[in-house]
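Asker: any chance you could fold what I've pasted below:
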Amino acid sequence: MDSWKQMMEWKKFADQYLGQNFFSPYQQQEDTQREQQQSQPQEERGFPAVNIYESENELLCIAAIPGLEKAEDVDVYVDDRSVHIKGKTNLIGGKYRIAKEEFGSGAFSREVELPYRVRSDAIHATYKKGFLYIKLYRLPADRQKPKKVDIRRFDD
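Answerer: Numbers count the residues shown, from 1 in each chain. This is a model prediction of the structure:
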């Protein structure tokens with residue numbers, strides 16, 4: 001017997017002996033927590049989920065973004081140490097109402113720090129089957145060193 005079925009049988013048993021609505025205050029609390037989570041902006045819930053894979057000189061960022069209808073619905077910004085993904089998704093349940101929502105619909109924004117500095121001139125991004133793939137390349141070490149700026153005398 002699986003644990004969910006056991007728990008439901010235990011709940012039925014508890015309701016019989018402790019009162020029909022013994023668990024209803026807990027159910028209301030769970031419903032309130034779910035409503036609060038759903039009202040949070042997606043970026044506060046960590047949307048989209050992002051995995052980062054690295055090799056010696058490359059990074060592959062994969063963001064799970066279901067519901068994009070076209071490429072224009074998402075923007076990717078890369079600076080030397082982070083990727084910022086923002087856009088909007090459109091997931092419509094039709095006549096159904098939301099009972100549980102772990103990934104939402106609407107505007108989102110997420111910034112992810114990268115493990116090392118990357119080049120801004122070589123970035124490749126594709127979207128396929130609900131996933132955004134962003135390939136980045138390590139900034140060569142010689143370009144990471146600070147450059148000394150010559151200051152000319154200005155009191156002459």
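Asker: what segments of the protein are strands?
Answerer: 49-54, 58-64, 74-78, 82-89, 106-113, 124-128, 131-137 (DSSP state E).
Asker: walk me through which strands the third one pairs with, and which way each runs.
Answerer: What it means is strand 74-78. strand 82-89 (antiparallel) (DSSP bridges).
Asker: want to throw the strands of the chain into a markdown table with mean pLDDT?
Answerer: Shown next, in a markdown table, are those (pLDDT from 0 to 100):
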| stretch | mean pLDDT |
| --- | --- |
| strand 49-54 | 94 |
| strand 58-64 | 94 |
| strand 74-78 | 92 |
| strand 82-89 | 91 |
| strand 106-113 | 91 |
| strand 124-128 | 90 |
| strand 131-137 | 93 |
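Asker: looking at these, which is nearest to Q16?
Answerer: Closest to Q16 of these, according to C-beta to C-beta: strand 49-54, at 41.5 Å. C-beta: built from backbone N, CA, C; applies to glycine.
Asker: just name the shakiest helix or strand of this structure by mean pLDDT.
Answerer: Across the helices and strands of the chain, the lowest-confidence element by mean pLDDT, DSSP states H and E is helix 24-39, at a mean of 52.
Asker: any idea how far D73 is from E101?
Answerer: According to C-beta to C-beta, to the nearest Å, E101 and D73 sit 19 Å apart.
Asker: just N90 next, same as before
Answerer: For N90, the distance to D73 - C-beta to C-beta - is 8 Å.
Asker: of these two, who's got more company?
Answerer: Legend: neighbour count by other C-beta atoms under 10 Å for N90 and D73, higher for D73 (14 against 10).
Asker: contact partners for the more buried one?
Answerer: Counting by C-beta atoms under 8 Å, 6 or more residues apart in numbering, D73 makes contact with G87, K88, T89, N90.
Asker: if the second one is in a bridge, with which residues?
Answerer: Meaning K88. A107.
Asker: ok, of the contacts of D73, which come out buried?
Answerer: G87, K88, T89 (16 or more other C-beta atoms under 10 Å).
Asker: who's in contact with the spatially closest residue to the last one that is not a sequence neighbour?
Answerer: Translated: T89. Of all residues beyond its chain neighbours, the one nearest T89 is G67 (3.5 Å), with distances taken as C-beta to C-beta, 6 or more residues apart in numbering. Going by C-beta under 8 Å, 6+ apart, G67 touches T89, N90, L91, F103, S105, G130.
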